[in-house]
Each structure stands twice: as structure tokens, then as C-alpha cells.
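Undergrad: Okay, predicted coordinates and the sequence, questions at the end:
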Amino acid sequence: MFTKNFKKAHLSKQIIFIVEDNEAYGKSLRAFIQAHFPEIKEIKNFRIGEMCLMELHRNPGIVIVDYFLNSKYEDAHNGLEIIEQIKNLKPNTQIIVLTSQERPGVIIDAIKKYDCGYVQKDENAFKYVKKLIKNILTRKDSAVLQPWE
């Protein structure tokens, strides 16, 4: 009984960051997560990864990062550069890479290196993000399961 109450209290303090340069997509994802995880304390969107890095002191439990962050902002770091910096600063942060990259082999090494979840941006993306978040929130260890596991 104590464990259940402790777990709920811990989850209510959860913070999720979404790093997505497509503002409409980011807002849609945020609304989707809010609807499915009411226990999440805060969900914050960032259009460039550098802004997310400036807020890491807030200790987000999960960061969802678009791979192509420099498509609208040419000087911005790409998703993998942001992931590397997040893991260097906050190694226990769980990261989900959300990408329209159609060749997962292009980023698979980095995903393995930084122990990230991976979701292809398609019609099922939000469903898979939901599954990964659920896996992260309910697992006792820090390993990230892929949405198909």
C-alpha cells in the first residue's frame, strides 16, 4: 500500500519537455499527453533544443526530442546534438526520439548509445509515444522499452 501511494506522489511531480520545431505538432502532442497522463505535473514545449537545455535545472523526467530540429532554424543544433548534451548534463533523463527520418539506421547507433526510445513520426506516433511514456513511468529501473516491446 505504501508503495502505491509513494509511486503516485512521485508521478504527480513528473515533468515532460517536448523539443519540436513544428509548433502545431508540438502543441498537439502536448495536448495528447495531458489527456492521457493527468498525473503529469507539467508539460513544456520548446521550439529549439538550446532553450530546453537552459531549463534542464528543472529536472524533467522525460524529454521528447525531434530529430530534425534545425529544419526551421538553420543555426539550431539537431536532435542528436541536443540528446548528447542532455545526457551529459542529466544522465538519468529518459529521452524519446521522435523523427520523420524514414531510415532508422541513420540514428540507431545514437539511440543505442544514449539509451533512447524511438518513435517514427507517422499516423501511429502519438500512440507509440503514449506507450513509451507509460513504460517509463511504470518501470522501476531506468531502461527505456521500445513501443513495440
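TA: Now that the structure is in, tell me what you want to look at. Residues are numbered from 1 along each chain as shown.
Undergrad: dump the residue contacts of the spatially most central residue of the chain.
TA: The centroid of the chain falls nearest to residue 64 when counting by Cα atoms, centre = their mean (2.0 Å). For residue 64, the contact set (Cβ atoms under 8 Å, 6 or more residues apart in numbering) comprises 16, 17, 18, 19, 20, 29, 95, 96, 98, 129. C-betas here are computed from N, CA, C, even on glycine.
Undergrad: repeat that with 6 Å
TA: Neighbour list for residue 64: 18, 96, 98 [criterion: Cβ atoms under 6 Å, 6 or more residues apart in numbering].
Undergrad: Would it be right to say that the first one lies in a strand?
TA: Yes: inclusion of residue 18 in a strand is indicated when DSSP: H, G, I helix; E, B strand; the rest coil is applied.
Undergrad: And the pLDDT at it?
TA: Residue 18 is assigned 97 on the pLDDT scale.
Undergrad: Equivalent analysis for the second one, please.
TA: The pLDDT attached to residue 96 in the predicted structure is 94.
Undergrad: hang on, it packs against residue 131?
TA: No: counting by Cβ atoms under 6 Å, residue 131 is not a contact partner of residue 96; they are 10.3 Å apart.
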